[in-house]
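K.L.:
coords below, sequence missing:
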């Protein structure tokens, strides 16, 4: 069976790379500073302001470019940290079993029983607002989902003969996890990474919309939707610009994830 990338995955990959490129170089491409008031309130799209101005008269294009770095960067950092934590603990729970598995699983079940958004709102309302705190809160909450998946796929691998053979050879726990379990559980975890990244973007945007994410005057896409929400009452499309960017990036990543899932399924079927 061929694994050639379909057009949908090519489109998704191209859009994802475009967004990543904008996150890397966006601030240098921005025509104005993100906090500079350059025009009147909610000016229409024009040559001077391609995406108009926001509720304070700041250039929307500049804020979109600055916000791309924060939105994508924070979501990516939180996703990487959540996977580092979730996969490590999931592999340990599956490999060691016994009381280690029981304690970790019950702790994760407890965290997952609390609504994620409510838990984040309480923690972020108590702790001082900062990007570091925001990333840590997002990573810890998301790591519970990663733990469940990593533990589930690792449980299917630890009972196989080559893992038992490695144990009989006296290989260390780290060697078994890195050389035996890790490579054989990578495909579903890679697909899950893409999905978690999408959820991190949406979660960050939700927190910013509620005022507990990126703090003004720093720009991020969720905060821009909140700041310009009142423009909808006047029939203006300004809040739809950052909302469309969030939706487009999420769809693009999901197109690539769907292709990876199909590849992994076809590989197991083969």
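P.N.:
Yep, it's here. Small disclaimer: the values here were computed from a predicted structure and weren't measured.

K.L.:
quick check: mean pLDDT of the helix or strand where residue 110 lies?
P.N.:
In this assignment (DSSP states H and E), residue 110 forms part of helix 98-113. Mean per-residue pLDDT for helix 98-113: 92.

K.L.:
contacts for the helix or strand just after that helix?
P.N.:
Where DSSP H and E defines the elements, the next helix or strand beyond helix 98-113 is helix 116-126. For helix 116-126, the surrounding residues in contact (CB atoms under 8 Å, 6 or more residues apart in numbering) are 111, 133-134, 137-138, 141, 203, 206-207, 210, 212. Heads up, the C-betas are built off the backbone N, CA and C, glycines and all.

K.L.:
who wins for neighbours among those?
P.N.:
residue 138 (26 neighbours; other CB atoms under 10 Å).

K.L.:
in contact with the closest residue to it other than its chain neighbours: list those residues for me.
P.N.:
Distances taken as CB to CB, 6 or more residues apart in numbering put residue 78 closest to residue 138, at 3.8 Å, once the chain neighbours are dropped. With contact set as CB under 8 Å, 6+ apart, residue 78 has these partners: 134-135, 138-139, 142, 200, 204.

K.L.:
which stretch of helix or strand covers residue 78?
P.N.:
With DSSP H and E as the criterion, residue 78 is inside helix 60-96.

K.L.:
tilt between that helix and helix 98-113?
P.N.:
150 degrees (axes from the mean of the first three to the mean of the last three CA atoms, to 10 degrees).

K.L.:
now helix 60-96: buried residues?
P.N.:
60-83, 85-87, 89-95 (16 or more other CB atoms under 10 Å).

K.L.:
ditto for stretch 51-59
P.N.:
Neighbour counts over stretch 51-59 (16+ other CB under 10 Å) mark 51-56, 58-59 as buried.

K.L.:
now compare the contacts of helix 116-126 and name the two farthest from each other.
P.N.:
Largest separation among the contacts of helix 116-126 by CB to CB: 111 and 210, giving 20.5 Å.

K.L.:
spatially central residue in the protein, please.
P.N.:
In the chain, the C-alpha nearest the mean C-alpha coordinate belongs to residue 197, at 2.3 Å (CA atoms, centre = their mean).

K.L.:
residues contacting that one?
P.N.:
Residue 197 sits next to 75-76, 79, 253 when contact means CB under 8 Å, 6+ apart.

K.L.:
what strand or helix carries it?
P.N.:
Using DSSP H and E, residue 197 falls in helix 186-209.

K.L.:
same question for the next helix-or-strand element following that helix, mean pLDDT?
P.N.:
Once the chain leaves helix 186-209, the next helix or strand it forms, by DSSP H and E, is helix 221-227. On average, the pLDDT along helix 221-227 is 92.
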